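Visitor: test case, fold it:
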Amino acid sequence: MPKRILLVCGTFLLSLLLYIDRTCIQVAGDGIKSDLSLSDTQFGWILSIFTLGYALAQTPSGIFADRFGPRKLLTGVVALWSLLTAVTGASFNFISMLVVRFVFGASEAGAFPGMARATLTWFPTSERGLVTGINFSASRIGGAIALPLMVWLITAAGWRGAFLVLGVVGILYAVIWWITFRDAPEEHPSVGKEELDYIIGNRQKVSASAKPRPLPFGELVSAGNVKLLMMQYFCSNFTFFFCLSWLFKHVKSTYGLTAQDAGLLAMLPLLGGAAGNWFSGWFVDYLFRHRGLVVSRRIPAVIGFLLATVGLLVSIHMTTAIPAVLFLTLAVFGADMTLSPSWSTCVDIGGRHSGAVSGTMNMAGNIGSFATSLAFPYLLAWFGSSTPFFYIAAALNFLAVILWLSIRPQEAIIKD
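Guide: Numbers count the residues shown, from 1 in each chain. Presented below is the predicted three-dimensional model:
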């Protein structure tokens, strides 16, 4: 079996763990609010402060991956966020939970920029779309698994014990990753000559210098392509992060469901997101082989954002749980179709700076997640309805369609 296939399995599991640890807090929300005497808006700040820490650490994490390699970065962030998952269970009031979740968010920030940097060196350009789709599909599957898993864990060990269990699992994974992964196939003793020659002959060509020249943050964010990628990713995350923050509570309270039934229904949009990632990953690579670079990035993204717009608008007119959740699933399928072209474009234009570029895009996306975490409870309190939130999300998705018509994945920000 090619060693890069084993690498995909490793990054798939890393992404799965990342989102199990990230999503579990929404299921534990009732217990946390009860034990710490929190309101819905205070809990909204706990959800949003994670995304703020995650957003602010994105670009530094990407730069670290570019300079020191994804092996060190990914081992460190998995170990740190797993420790903080366990520490979440020891929080004793609103402020302590805010601090822990902010640092927890910052510690998770390096995961996807690190994987993007590993993709640059380990995979041919023609496989990049599917690899990215597989990794992001794991994040959605992880989020889906977390919902019923946490219901069971909380029943068995309480919400504090559940966080401890997840933390221990993550630290064990970090040790395994350090032992088995290398930054490039040339450094891995188990990669055969035939596979190594194939990877080197077909991956993106970059400068042979030991380190990329420093890329100032101002220069990075002033690049037209980067600004457009940041804005469209804000729109994408505004839709998706609802699944990780308020979907469980929304489905449970709106339709009067039990926790078990709400958990099962809330899995569907996340599984739809996983399917969107798989399909888009295949579609990106298919279009790359048959229609070239620009079409392979732009078309899946435009189709995805249009599907998200339609799904959100139709869902708010459904009066029962199953149809509403099914149209939300269509929306998340579409929103997640945009991830493979987005991250592939970051590697296309970033080259040896792909970690910094992808981290900067993800920073903007998680500012969108920050906005979602607060917008939903505040709009619900102001208007007495969740409808305004869904209209805003639909409008943002349509705006992203327009943005993608101007993104030029063939134009590198720096010529290697």
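
Visitor: surely Gly142 and Leu18 touch.
Guide: Yes. With contact defined as Cβ atoms under 8 Å, Gly142 and Leu18 form a contacting pair (6.6 Å). No exception for glycine: its C-beta is placed from N, CA and C like everyone else's.

Visitor: give the residues shared as contacts by these two.
Guide: Counting by Cβ atoms under 8 Å, 6 or more residues apart in numbering, Gly142 and Leu18 have no contacts in common.

Visitor: the stretch 301-416 of the chain: helices as residue ranges?
Guide: Along the stretch 301-416 of the chain, counting by DSSP state H, counting those that start in this stretch, helices occupy 321-337, 339-350, 354-383, 387-404.

Visitor: looking at those helices, which is buried most?
Guide: Stretch with highest mean neighbour count among the helices of the stretch 301-416 of the chain: helix 339-350 (a mean of 29; mean count of other Cβ atoms under 10 Å).

Visitor: which strands or helices does that one pack on?
Guide: Where contact means 3 or more Cβ pairs under 8 Å, 6 or more residues apart in numbering; DSSP states H and E, helix 339-350 is packed against helix 111-122, helix 128-180, helix 224-245, helix 259-291, helix 293-315, helix 354-383.

Visitor: can you pull the contacts of Gly218?
Guide: Counted by Cβ under 8 Å, 6+ apart, Gly218 has zero contacts.

Visitor: return the distance of the helix or strand harbouring it from the chain's centre.
Guide: Gly218 is located in helix 217-222, with elements delineated by DSSP states H and E. Centroid displacement of helix 217-222 relative to its chain, using Cα atoms, centre = their mean, to the nearest Å, is 23 Å.

Visitor: average model confidence for it?
Guide: The average pLDDT within helix 217-222 is 81.

Visitor: then stretch 383-393?
Guide: 93.

Visitor: ok, residues contacting it?
Guide: Contacts for stretch 383-393 (Cβ under 8 Å, 6+ apart): 238-239, 242, 250, 254, 312-313, 315-316, 375-376, 379-380.

Visitor: would you mark the buried spots in stretch 92-99?
Guide: 94, 97-98 (16 or more other Cβ atoms under 10 Å).

Visitor: can you add distance to Phe50 and give these back as a markdown table?
Guide: Putting the buried residues of stretch 92-99 into a markdown table (distance: Cβ to Cβ, whole Å) gives the following:
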| residue | distance to Phe50 |
| --- | --- |
| Phe94 | 14 |
| Met97 | 10 |
| Leu98 | 9 |
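
Visitor: okay, and which of those map to strands?
Guide: Using DSSP state E, the subset of the buried residues of stretch 92-99 located in strands is empty.

Visitor: among the residues you listed, name the ones in helices.
Guide: Per DSSP state H, helices hold the following members of these: 94, 97-98.

Visitor: kindly reformat those residues as CSV containing distance to Phe279 and pLDDT.
Guide: Converted to CSV, these look like this (distance: Cβ to Cβ, whole Å; pLDDT from 0 to 100):
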residue, distance to Phe279, pLDDT
Phe94, 41, 94
Met97, 37, 94
Leu98, 38, 94
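
Visitor: tell me the one among these nearest to Gly365.
Guide: Nearest to Gly365 among these is Leu98, at 21.6 Å by Cβ to Cβ.

Visitor: the spatially closest residue to that closest one that is not a sequence neighbour: how many residues sit nearby?
Guide: In this structure, Leu98 finds its nearest non-sequential neighbour in Ile49, 5.2 Å apart by Cβ to Cβ, 6 or more residues apart in numbering. For Ile49, the number of neighbouring residues by other Cβ atoms under 10 Å comes to 22.

Visitor: for Ile49, list the residues it contacts.
Guide: Counted by Cβ under 8 Å, 6+ apart, Ile49 has contacts 98, 101-102, 105.

Visitor: can I get the residues you listed in CSV including secondary structure and distance to Ser222?
Guide: Below are the contacts of Ile49 laid out as CSV (DSSP: H, G, I helix; E, B strand; the rest coil; distance: Cβ to Cβ, whole Å):
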residue, secondary structure, distance to Ser222
Leu98, helix, 33
Arg101, helix, 32
Phe102, helix, 28
Gly105, helix, 26
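
Visitor: which one of the residues you listed is nearest Thr75?
Guide: So of the contacts of Ile49, ranked by how close each gets to Thr75 (Cβ to Cβ), first place is Gly105, at 18.7 Å.

Visitor: about what we covered before: most packed of the helices and strands packed on helix 339-350?
Guide: helix 111-122 (a mean of 28).

Visitor: quickly note the distance from Met150 to Phe112.
Guide: 23 Å (Cβ to Cβ, to the nearest Å).

Visitor: and Pro2, by the same measure?
Guide: Counting by Cβ to Cβ, the gap from Pro2 to Phe112 is 23 Å.

Visitor: same check, this time on Ala174
Guide: 16 Å.

Visitor: for Pro189, what are phi and psi?
Guide: Here is the backbone geometry of Pro189 (degrees, to the nearest 10): phi -70, psi -20.
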